[in-house]
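**Student:** Show me how the following folds:
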Amino acid sequence: MNQVSPSQDLNWLLLDLLEKIPASRSAVLLSTDGLRKASQGLDQDAAEGLAALASTLCSVGGRIGAEYGDGPEVGQILLELQNLLVFVCTAGPGSVLVVLTENTADATVVGHEMTMLCNKVRSFLATAPRHAVSGPDHGGR
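**Tutor:** Have a look, this model is predicted:
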């Protein structure tokens, strides 16, 4: 019996998501600190770059929410560019989902499908927090 890695399972979920969204280009699941967990529609380097940028968008959104809203929790961010829509949402504890679409995509459909995916498999999309490494090489002087 072949074992399927969690990353392969997540890639399948992203492929299924993109098939449900007309005019979609790509999707990346990442940790809140910007590390790619899974992706579809981009090569690994592009997906890692998008993960870093999406993490930054979430940080900026959280900061705006903390300063001008009711708190730093980000629900969804939509960035409209000339020929591209960028959707970013929290996908579970410690995780973020970003979807790129053509500018002709229906934002309501994209947002709905992203929310449905995240609600169905939120615990599977979660990223465990990292713990600080301690030891002789990592301590202060």
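
**Student:** quick one, helices of the chain?
**Tutor:** 6-20, 44-68, 107-125 (DSSP state H).

**Student:** Quick one, which of those helices gets closest to N83.
**Tutor:** Nearest to N83, of all those, is helix 107-125, at 14.9 Å by CB to CB. All C-beta atoms are positioned from the backbone trio N, CA, C, and that covers glycine.

**Student:** any idea of the angle the closest one forms with helix 6-20?
**Tutor:** Here helix 107-125 runs at an angle of 160 degrees relative to helix 6-20 (axes from the mean of the first three to the mean of the last three CA atoms, to 10 degrees).

**Student:** mind listing what's buried in the helix or strand of the chain with the lowest mean pLDDT?
**Tutor:** Least confident helix or strand of the chain, by mean pLDDT, DSSP states H and E, is helix 6-20 with a mean of 82. For helix 6-20, burial by neighbour count (16 or more other CB atoms under 10 Å) applies to L10, N11, L13, L14, L17, L18.

**Student:** okay if I get the helices of the chain as a markdown table plus distance to R36?
**Tutor:** Listed next are the helices of the chain as a markdown table, based on distance: least, CB to CB, whole Å:
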| stretch | distance to R36 |
| --- | --- |
| helix 6-20 | 9 |
| helix 44-68 | 4 |
| helix 107-125 | 13 |
